[in-house]
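Participant: could you work out the structure for the sequence below:
(chains A and B)
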Amino acid sequence: DIQMTQSPSSLAASVGDRVTITCRASQGIRNDLGWYQQKPGKAPKSLIYLASTLQSGVPSRFSGSGSGTEFTLTISSLQPEDFATYYCLHYNSNFLTFGGGTKVEIK
Amino acid sequence: QLQLQESGPGLVKPSETLSLICTVSTGSITSISYYWGWIRQSPGKGLEWIGTISYSWTTYYNSSLKSRVTISLDTSRNRFSLKLNSVTAGDTAVYYCASRSTSYGSVDSWGQGILVTVSS
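Facilitator: Numbers count the residues shown, from 1 in each chain, chains lettered A, B, ... in the order given. Okay, here's the model as predicted:
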(Lines give C-alpha, C1' and ligand atoms only; values in the text may rest on other atoms or scores of the structure.)
Protein backbone atom coordinates (compact mmCIF):
# COMPACT_ATOMS: atom_id res chain seq x y z
CA ASP A 1 0.00 0.00 0.00
CA ILE A 2 1.11 3.55 -0.72
CA GLN A 3 1.73 5.61 2.41
CA MET A 4 1.16 9.36 2.58
CA THR A 5 3.27 11.34 5.05
CA GLN A 6 1.85 14.77 5.75
CA SER A 7 3.71 17.55 7.55
CA PRO A 8 3.50 19.39 9.79
CA SER A 9 0.81 17.73 11.90
CA SER A 10 -0.14 21.16 13.23
CA LEU A 11 0.86 24.76 12.84
CA ALA A 12 -0.07 28.11 14.32
CA ALA A 13 -0.37 31.09 12.02
CA SER A 14 -1.83 34.57 11.87
CA VAL A 15 -4.36 36.04 9.49
CA GLY A 16 -2.49 37.14 6.37
CA ASP A 17 0.31 34.59 6.75
CA ARG A 18 1.43 32.34 3.92
CA VAL A 19 0.99 28.70 4.91
CA THR A 20 2.52 25.62 3.28
CA ILE A 21 1.60 21.99 3.94
CA THR A 22 3.46 19.05 2.43
CA CYS A 23 2.55 15.47 1.57
CA ARG A 24 5.07 12.85 0.56
CA ALA A 25 4.06 9.57 -1.10
CA SER A 26 5.98 6.36 -0.45
CA GLN A 27 6.10 5.79 -4.20
CA GLY A 28 5.32 7.81 -7.29
CA ILE A 29 1.66 8.67 -7.78
CA ARG A 30 1.94 10.98 -10.81
CA ASN A 31 -0.41 13.88 -9.96
CA ASP A 32 -3.22 11.71 -8.53
CA LEU A 33 -3.61 13.70 -5.34
CA GLY A 34 -6.26 15.87 -3.78
CA TRP A 35 -6.40 18.29 -0.87
CA TYR A 36 -9.33 18.56 1.53
CA GLN A 37 -10.37 21.01 4.24
CA GLN A 38 -12.32 19.82 7.26
CA LYS A 39 -13.91 21.96 9.92
CA PRO A 40 -15.11 20.53 13.26
CA GLY A 41 -18.28 18.48 12.95
CA LYS A 42 -18.34 18.78 9.17
CA ALA A 43 -17.54 16.52 6.24
CA PRO A 44 -14.31 17.25 4.39
CA LYS A 45 -14.52 19.63 1.46
CA SER A 46 -12.54 19.14 -1.72
CA LEU A 47 -10.19 22.05 -2.44
CA ILE A 48 -7.84 20.74 -5.13
CA TYR A 49 -7.70 17.69 -7.39
CA LEU A 50 -5.05 16.35 -9.73
CA ALA A 51 -2.49 18.02 -7.44
CA SER A 52 -3.03 21.54 -8.74
CA THR A 53 -6.55 22.01 -10.13
CA LEU A 54 -8.76 24.20 -7.99
CA GLN A 55 -12.28 22.96 -7.38
CA SER A 56 -15.02 25.28 -8.55
CA GLY A 57 -15.81 27.93 -5.96
CA VAL A 58 -12.59 27.54 -3.99
CA PRO A 59 -10.78 30.85 -3.39
CA SER A 60 -7.68 31.46 -5.45
CA ARG A 61 -5.54 31.92 -2.33
CA PHE A 62 -5.43 28.11 -2.25
CA SER A 63 -2.99 26.45 -4.61
CA GLY A 64 -1.46 23.04 -5.03
CA SER A 65 1.71 21.84 -6.67
CA GLY A 66 3.83 18.76 -7.07
CA SER A 67 4.05 15.50 -8.91
CA GLY A 68 5.47 12.06 -8.27
CA THR A 69 6.17 11.82 -4.56
CA GLU A 70 6.13 15.37 -3.18
CA PHE A 71 3.15 17.67 -3.06
CA THR A 72 2.36 21.03 -1.51
CA LEU A 73 -0.76 22.92 -0.53
CA THR A 74 -0.24 26.65 -0.15
CA ILE A 75 -2.59 29.24 1.31
CA SER A 76 -1.19 32.56 0.13
CA SER A 77 -2.87 34.78 2.70
CA LEU A 78 -4.57 32.97 5.56
CA GLN A 79 -8.12 34.12 6.28
CA PRO A 80 -10.16 33.57 9.47
CA GLU A 81 -12.33 30.95 7.74
CA ASP A 82 -9.25 28.93 6.77
CA PHE A 83 -8.54 27.72 10.30
CA ALA A 84 -9.29 24.03 9.90
CA THR A 85 -7.66 20.65 9.39
CA TYR A 86 -6.27 19.82 5.95
CA TYR A 87 -5.77 16.35 4.47
CA CYS A 88 -4.13 15.07 1.34
CA LEU A 89 -5.53 11.99 -0.41
CA HIS A 90 -3.86 9.88 -3.05
CA TYR A 91 -5.98 8.05 -5.60
CA ASN A 92 -3.28 6.80 -7.93
CA SER A 93 -4.71 3.32 -7.72
CA ASN A 94 -8.09 2.12 -6.62
CA PHE A 95 -6.68 1.81 -3.11
CA LEU A 96 -6.79 5.23 -1.52
CA THR A 97 -4.76 6.62 1.36
CA PHE A 98 -5.14 9.84 3.32
CA GLY A 99 -2.32 11.81 4.87
CA GLY A 100 -2.43 12.19 8.64
CA GLY A 101 -3.78 15.73 8.54
CA THR A 102 -2.51 19.21 9.39
CA LYS A 103 -4.39 21.31 11.91
CA VAL A 104 -4.06 25.02 11.19
CA GLU A 105 -4.62 27.03 14.35
CA ILE A 106 -4.69 30.68 15.22
CA LYS A 107 -1.44 32.10 16.58
CA GLN B 1 -21.68 17.98 -6.91
CA LEU B 2 -23.80 15.02 -5.92
CA GLN B 3 -25.99 14.83 -2.84
CA LEU B 4 -25.41 11.81 -0.62
CA GLN B 5 -27.00 10.91 2.72
CA GLU B 6 -26.00 8.20 5.16
CA SER B 7 -28.51 6.32 7.27
CA GLY B 8 -28.45 3.47 9.73
CA PRO B 9 -28.24 2.66 13.43
CA GLY B 10 -26.09 4.87 15.59
CA LEU B 11 -25.34 2.13 18.10
CA VAL B 12 -24.05 -1.37 17.38
CA LYS B 13 -23.07 -4.04 19.89
CA PRO B 14 -19.59 -5.55 19.89
CA SER B 15 -19.21 -8.61 17.63
CA GLU B 16 -22.28 -7.63 15.62
CA THR B 17 -22.51 -6.21 12.09
CA LEU B 18 -22.52 -2.52 11.32
CA SER B 19 -24.83 -1.77 8.39
CA LEU B 20 -25.15 1.62 6.71
CA ILE B 21 -26.88 2.89 3.60
CA CYS B 22 -25.98 5.84 1.41
CA THR B 23 -28.80 7.28 -0.65
CA VAL B 24 -27.80 9.23 -3.73
CA SER B 25 -30.40 11.88 -4.51
CA THR B 26 -28.70 13.46 -7.51
CA GLY B 27 -27.07 11.33 -10.16
CA SER B 28 -27.35 7.62 -10.81
CA ILE B 29 -25.26 4.96 -9.11
CA THR B 30 -25.11 3.13 -12.43
CA SER B 31 -23.41 6.11 -14.08
CA ILE B 32 -19.96 5.41 -15.48
CA SER B 33 -18.91 8.83 -14.20
CA TYR B 34 -18.63 7.79 -10.56
CA TYR B 35 -17.35 5.26 -8.13
CA TRP B 36 -18.96 5.03 -4.69
CA GLY B 37 -17.27 4.54 -1.37
CA TRP B 38 -17.04 4.77 2.37
CA ILE B 39 -14.59 6.67 4.57
CA ARG B 40 -14.51 6.82 8.34
CA GLN B 41 -13.05 9.00 11.06
CA SER B 42 -12.55 7.79 14.60
CA PRO B 43 -13.14 10.43 17.30
CA GLY B 44 -10.34 12.98 17.23
CA LYS B 45 -8.47 11.07 14.53
CA GLY B 46 -7.77 11.32 10.83
CA LEU B 47 -9.64 10.00 7.81
CA GLU B 48 -9.50 6.34 6.81
CA TRP B 49 -10.63 5.01 3.44
CA ILE B 50 -12.74 1.87 3.87
CA GLY B 51 -13.55 0.84 0.34
CA THR B 52 -14.99 1.63 -3.08
CA ILE B 53 -17.43 0.03 -5.50
CA SER B 54 -17.66 0.75 -9.19
CA TYR B 55 -20.74 0.95 -11.40
CA SER B 56 -19.81 -2.55 -12.61
CA TRP B 57 -19.80 -3.89 -9.03
CA THR B 58 -16.02 -4.20 -8.80
CA THR B 59 -14.96 -3.62 -5.20
CA TYR B 60 -11.74 -2.37 -3.64
CA TYR B 61 -11.18 -2.58 0.11
CA ASN B 62 -8.65 -1.26 2.59
CA SER B 63 -6.36 -4.19 3.30
CA SER B 64 -6.71 -3.65 7.05
CA LEU B 65 -10.49 -4.10 6.87
CA LYS B 66 -10.88 -6.37 3.87
CA SER B 67 -11.80 -9.51 5.80
CA ARG B 68 -14.75 -7.75 7.48
CA VAL B 69 -16.11 -5.35 4.83
CA THR B 70 -18.73 -5.66 2.11
CA ILE B 71 -19.87 -2.77 -0.09
CA SER B 72 -22.74 -3.31 -2.50
CA LEU B 73 -25.09 -1.42 -4.83
CA ASP B 74 -28.89 -1.26 -4.70
CA THR B 75 -29.70 -0.01 -8.16
CA SER B 76 -33.48 -0.16 -7.70
CA ARG B 77 -33.24 2.42 -4.91
CA ASN B 78 -30.22 4.34 -6.19
CA ARG B 79 -28.21 3.67 -3.09
CA PHE B 80 -25.23 1.69 -1.88
CA SER B 81 -24.41 0.05 1.40
CA LEU B 82 -21.64 -0.81 3.82
CA LYS B 83 -21.48 -3.87 6.04
CA LEU B 84 -18.70 -4.26 8.58
CA ASN B 85 -18.87 -7.40 10.64
CA SER B 86 -17.40 -8.46 13.98
CA VAL B 87 -17.17 -4.86 15.16
CA THR B 88 -15.24 -3.72 18.22
CA ALA B 89 -14.95 -0.42 20.06
CA GLY B 90 -12.19 0.45 17.62
CA ASP B 91 -14.81 0.71 14.86
CA THR B 92 -16.54 3.59 16.62
CA ALA B 93 -16.35 6.45 14.14
CA VAL B 94 -18.15 8.91 11.93
CA TYR B 95 -18.82 7.08 8.68
CA TYR B 96 -19.00 9.10 5.47
CA CYS B 97 -20.23 7.94 2.11
CA ALA B 98 -18.65 9.62 -0.87
CA SER B 99 -18.45 9.64 -4.63
CA ARG B 100 -15.31 9.51 -6.68
CA SER B 101 -14.97 10.88 -10.20
CA THR B 102 -13.90 8.28 -12.75
CA SER B 103 -12.53 11.11 -14.91
CA TYR B 104 -10.20 12.64 -12.35
CA GLY B 105 -10.12 10.01 -9.61
CA SER B 106 -10.81 12.55 -6.91
CA VAL B 107 -13.37 12.18 -4.12
CA ASP B 108 -15.58 15.16 -4.81
CA SER B 109 -18.87 14.71 -2.97
CA TRP B 110 -19.44 13.61 0.61
CA GLY B 111 -22.41 12.80 2.78
CA GLN B 112 -22.74 14.67 6.05
CA GLY B 113 -21.53 11.66 8.03
CA ILE B 114 -23.13 9.42 10.63
CA LEU B 115 -21.69 8.61 14.04
CA VAL B 116 -21.72 4.91 14.82
CA THR B 117 -20.82 3.87 18.35
CA VAL B 118 -19.89 0.29 19.17
CA SER B 119 -20.89 -0.44 22.72
CA SER B 120 -22.85 -2.98 24.71
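
Participant: mind listing the residues bridging to the closest residue to B:Thr70 other than its chain neighbours?
Facilitator: Distances taken as Cβ to Cβ, 6 or more residues apart in numbering or on different chains put B:Lys83 closest to B:Thr70, at 4.5 Å, once the chain neighbours are dropped. Heads up, the C-betas are built off the backbone N, CA and C, glycines and all. Note on B:Lys83: beta-bridge partners B:Ser19, B:Thr70, judged by DSSP bridges.

Participant: my read: B:Lys83 touches B:Val69, true?
Facilitator: Yes - contact criterion Cβ atoms under 8 Å: B:Lys83 and B:Val69 qualify, at 7.1 Å.

Participant: returning to what we had before: could you pull up the residues touching the residue nearest to B:Thr70?
Facilitator: Contacts for B:Lys83 (Cβ atoms under 8 Å, 6 or more residues apart in numbering or on different chains) come out as B:17-19, B:69-72.

Participant: show me what counts as buried in stretch B:36-54.
Facilitator: Of the residues in stretch B:36-54, those buried under the neighbour-count criterion (16 or more other Cβ atoms under 10 Å in any protein chain shown) are B:36-41, B:47-54.

Participant: nearest to A:Gln6 among these?
Facilitator: B:Leu47 (11.1 Å; Cβ to Cβ).

Participant: beta-bridge partners for the closest one, please?
Facilitator: Per DSSP bridges, the residues bridged to B:Leu47 are B:Gln41.

Participant: contacts for stretch B:26-38, please.
Facilitator: A:94, A:96, B:2-3, B:20, B:22, B:24, B:49-55, B:71, B:73-75, B:78-80, B:82, B:95-103, B:107.

Participant: where's the residue nearest to the spatial centre of chain B, which helix or strand?
Facilitator: For chain B, the residue nearest the mean C-alpha position is B:Trp38 (2.6 Å; Cα atoms, centre = their mean). According to DSSP states H and E, B:Trp38 maps onto strand B:34-41.
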